[in-house]
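Peer 1: Just the structure for this:
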Amino acid sequence: MTTDNLEPEFARRVPEDDNMERSVCTRCGFIDYQNPKIVVGSVAVAGEQILLCKRAIEPRKSFWTLPAGFMELKETLEEAAMREAQEEACAELAIDRVLATYSVPHISQVQIMFRARLINPETIAAGPESEAVGLFNWSEIPWTDLAFPSVYWALKQYDQSKDNDDFAPFTNPPGGL
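Peer 2: Below is the predicted model:
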């Protein structure tokens, strides 16, 4: 190795004034923080029907989910929720309010779910990450084929709050992750 090689070399150590082991560049001291990812989505409704997307990608391919996904840089929460609905279901949303925030530490995620109104129910269609999309009445939701626990939680918490505009956002239910 030559001395003019400026590629960073990282080692795991606890930086000064910190209490957690991190990847630190041995050349310049840069700390490569690894932080949770933020997932944003929505329970989008048209009347009494709820928009669900059948996943075309792993994890949980072919299971049903709410339109949701990872935030991009320089996006607001609301922009991310609307983008994900557009990408997954060609759906246009009017965001109502935050429904819930979930902590999912075993996969380093924070999930933020909104209540939303579906503006274009007649033109929803599967986007590249969805095998299918549909509008479901409560009794038609494929409960045994939901992709993730947070989808179940958000649907149940939406049902609890759908007629109420004055509630604190929900969190992980007791016994949840």
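Peer 1: So the most centrally placed residue in the chain, which state does it fall into?
Peer 2: Closest residue to the average C-alpha location of the chain: Val39 at 2.6 Å, with C-alpha atoms, centre = their mean. On the three-state scheme (DSSP: H, G, I helix; E, B strand; the rest coil), Val39 is labelled strand.
Peer 1: now the helices for the chain?
Peer 2: With DSSP state H, the ranges of helices along the chain come out as 77-89, 149-161.
Peer 1: among the ones you listed, which is the most enclosed?
Peer 2: helix 77-89 (a mean of 21; mean count of other C-beta atoms under 10 Å). No exception for glycine: its C-beta is placed from N, CA and C like everyone else's.
Peer 1: and the helix or strand bottoming out on mean pLDDT in the chain, which strands flank it?
Peer 2: Least confident helix or strand, the chain: strand 31-32 with a mean of 90, by mean pLDDT, DSSP states H and E. If you go by DSSP bridges, strand 31-32 pairs up with strand 22-25 (antiparallel).
Peer 1: Contacts for the partner strand, please.
Peer 2: Contacts to strand 22-25, defined as C-beta atoms under 8 Å, 6 or more residues apart in numbering, come from residues 8-15, 30-34.
Peer 1: Go through those and say which is closest to Pro59.
Peer 2: Ranked by distance to Pro59 (C-beta to C-beta), the contacts of strand 22-25 are led by Gln34 at 19.9 Å.
Peer 1: Low-confidence ranges, this structure, go.
Peer 2: 1-5, 177 (pLDDT under 70).
Peer 1: Outline the domain layout of it.
Peer 2: 1-34, 37-161 (automatic domain parsing).
Peer 1: end to end, how far does the last one reach?
Peer 2: One end of domain 37-161 to the other measures 27 Å (C-alpha to C-alpha, to the nearest Å).
Peer 1: Alright, I will stop here.
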